[in-house]
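Engineer: Starting from these lines, generate the structure:
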Amino acid sequence: MPNNEEQSYLESLVREEFERCHPDDTFEDLKRRAAFCKEDKGLLRDWMAVARARAAAERAKLTAMDPAA
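Structural biologist: Residues are numbered from 1 along each chain as shown. Here you go, the predicted model:
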């Protein structure tokens, strides 16, 4: 499980896109509902999987650009 800083970073990678796709909803509301709604829990899980994939791609990109790597 990611620490608070990592969790915040991951959420920042998808929050804006989630809210653009769901204009009548917020990412924070989704997180609250996920605690008691299995559909929202699954939706949050899917969005966080996208966030982890984006973070991994960003790390790979930075590693590729690092001449010391």
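Engineer: Tell me how far the helix or strand hosting Arg20 lies from the chain's centre.
Structural biologist: Element membership for Arg20, per DSSP states H and E: helix 4-21. Helix 4-21 has its C-alpha centroid displaced from the chain centroid by 4 Å (C-alpha atoms, centre = their mean, to the nearest Å).
Engineer: same thing with stretch 31-38?
Structural biologist: Counting by C-alpha atoms, centre = their mean, stretch 31-38 comes out at 16 Å from the chain centroid.
Engineer: Next, the buried residues of it.
Structural biologist: 31, 34 (16 or more other C-beta atoms under 10 Å). For the C-beta atoms, the positions are set from N, CA and C on the backbone; glycine is no exception.
Engineer: Now do that stretch: distance from first to last residue.
Structural biologist: 12 Å (C-alpha to C-alpha, to the nearest Å).
Engineer: Other residues contacting it?
Structural biologist: 40-41, 43-44 (C-beta atoms under 8 Å, 6 or more residues apart in numbering).
Engineer: Could you tell me the average pLDDT over it, please?
Structural biologist: Here stretch 31-38 scores 97 as its mean pLDDT.
Engineer: now do stretch 60-69
Structural biologist: 76.
Engineer: Kindly report the same for stretch 15-24.
Structural biologist: 96.
Engineer: Need the contact partners of it.
Structural biologist: So stretch 15-24 is in contact with 25-27, 30, 47, going by C-beta under 8 Å, 6+ apart.
Engineer: And Val50, how close does it get to Asp66?
Structural biologist: 25 Å (C-beta to C-beta, to the nearest Å).
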